[in-house]
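missing the sequence, but the structure's below:
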């Protein structure tokens, strides 16, 4: 998919907030880099996202300008 290592996030999938945060992270990555893929590893203690960017780039994109309304 990319030359980058997958983004890795430690999670507790039994926590609904963390589970849905993973869904949101994947959605954001896919909007920035279409074709992003996400999955759980290590007995579901780690969420990974394979995409054309890094976590640092994703955070920089999110914080570089104020959010806008989606119509």
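Perfect, thanks for sending it. From a predicted model like this one, the values you see are computed outputs, not experimental measurements.

Show me what whatever helix or strand residue 9 lives in is packed up against.
Residue 9 is part of strand 7-10 when elements are defined by DSSP states H and E. With contacts taken as 3 or more Cβ pairs under 8 Å, 6 or more residues apart in numbering; DSSP states H and E, strand 7-10 sits against helix 16-32, strand 46-50, helix 55-63. C-beta coordinates here come from the backbone N, C-alpha and C atoms, glycine included.

Throw those into TSV and include mean neighbour count and mean pLDDT, thanks.
Below are the helices and strands packed on strand 7-10 laid out as TSV (neighbours: other Cβ atoms under 10 Å; pLDDT from 0 to 100):
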stretch	mean neighbour count	mean pLDDT
helix 16-32	14	95
strand 46-50	19	97
helix 55-63	13	90
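
how about those, which one is nearest residue 6?
Nearest to residue 6, of all the helices and strands packed on strand 7-10, is strand 46-50, at 4.1 Å by Cβ to Cβ.

what pairs with that closest one, and is each one parallel or antiparallel?
strand 7-10 (antiparallel), strand 37-41 (antiparallel) (DSSP bridges).

In three-state terms, label residue 5 for me.
Put simply, residue 5 is coil when judged by DSSP: H, G, I helix; E, B strand; the rest coil.

re the thing from before, quick check: which of the strands paired with strand 46-50 is nearest to residue 64?
So among those, strand 7-10 is nearest, using Cβ to Cβ, at 18.0 Å.

Quick one: mean pLDDT over that closest one.
Strand 7-10 comes out with an average pLDDT of 95.

How much space separates the residue nearest in space to the middle of the chain from residue 18?
By Cα atoms, centre = their mean, the mean C-alpha position of the chain lies nearest to residue 25, the distance being 3.1 Å. Per Cβ to Cβ, to the nearest Å, residue 25 is found 10 Å from residue 18.

got it, and residue 5?
21 Å.

didn't residue 22 look like it was pressed against residue 44?
No: under the criterion of Cβ atoms under 8 Å, residue 22 is not in contact with residue 44, lying 10.3 Å apart.
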